[in-house]
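Trainee: Fold the following.
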Amino acid sequence: MTTNYLTAEAYKKLKEELEYLRKVKRKEIAQRVQEAKELGDLSENADYQKAKEDQAALESRIIELEEFLKRAVIIQPKKTDRVEIGSIIEVENLSQSTSKKQVFTIVGSHEAQPLEGKISNESPLGKAFLGKKVGEIADVETPKGKVQYKILKIK
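Mentor: Just a heads-up that it's a prediction; the model follows:
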């Protein structure tokens, strides 16, 4: 069974989405289904077919969110000397001719946003950083070859 690592903020957003789907969207679609039924012949009723498809998609999303949240583990940031899920790290790319510092946050795969510096614990980069201490080197295999990062800070 897969564990879904989430920040408290992401967990809250998913819970809010689930509640919205259950309490608001479900009623809206049920109303659409009812209105379409009242139009008559269901076998040739495009509005009814579309409403039923939307209802099925909604129920699938609700089940997906429920299952996902059952396996959710909220990341509790804590002060540690090693990189772990939830860590914010500053690194230096040693493989470039000019020293380039970057900041990454290690998150669960569901929250990964590489362009925003949020990298998944399951990505090659995230895996390379996990468990490292300040001053250690993380080697990452990329399509362009091996890249080395030095851990400068862990927050």
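Trainee: so how far is stretch 70-90 off the chain centroid?
Mentor: On the basis of Cα atoms, centre = their mean, to the nearest Å, stretch 70-90 sits 14 Å off its chain's mean C-alpha point.
Trainee: Give me the nearest residue to the residue nearest to the spatial centre of the chain, chain neighbours excluded.
Mentor: In the chain, the centroid-proximal residue (Cα atoms, centre = their mean) is His110; its distance is 1.7 Å. Excluding its sequence neighbours, the residue lying closest to His110 (Cβ to Cβ, 6 or more residues apart in numbering) is Asn4, at 5.8 Å. In this view, the C-beta of every residue, glycine as well, is placed from N, C-alpha and C.
Trainee: Over to Ile29?
Mentor: Distances taken as Cβ to Cβ, 6+ apart put Gln55 closest to Ile29, at 4.8 Å, once the chain neighbours are dropped.
Trainee: How about Ser109?
Mentor: Excluding its sequence neighbours, the residue lying closest to Ser109 (Cβ to Cβ, 6+ apart) is Ser120, at 4.3 Å.
Trainee: One more: Arg61?
Mentor: Using Cβ to Cβ, 6+ apart, the closest residue to Arg61 is Leu21 (6.3 Å).
Trainee: For this protein, which strand extends over the most residues?
Mentor: Longest strand in the chain, counting residues (DSSP state E): strand 145-154.
Trainee: ok, and what's touching that one?
Mentor: By Cβ atoms under 8 Å, 6 or more residues apart in numbering, the surrounding residues in contact with strand 145-154 are 80-83, 87-95, 101-102, 128-129, 132-140.
Trainee: pLDDT on it, on average?
Mentor: The average pLDDT within strand 145-154 is 93.
Trainee: Show me which residues of that strand are buried.
Mentor: Buried positions in strand 145-154, judged by neighbour count with 16 or more other Cβ atoms under 10 Å: Val147, Tyr149, Lys150, Ile151, Ile154.
Trainee: wait, Ala72 sits on Thr7?
Mentor: No: at 10.5 Å, Ala72 does not count as touching Thr7 under the criterion of Cβ atoms under 8 Å.
Trainee: thinking again about what came up before, mark which of the contacts of strand 145-154 are buried, thanks.
Mentor: Buried among the contacts of strand 145-154 (16+ other Cβ under 10 Å): Val83, Ser87, Ile89, Val91, Glu92, Ala128, Phe129, Lys132, Ala138, Val140.
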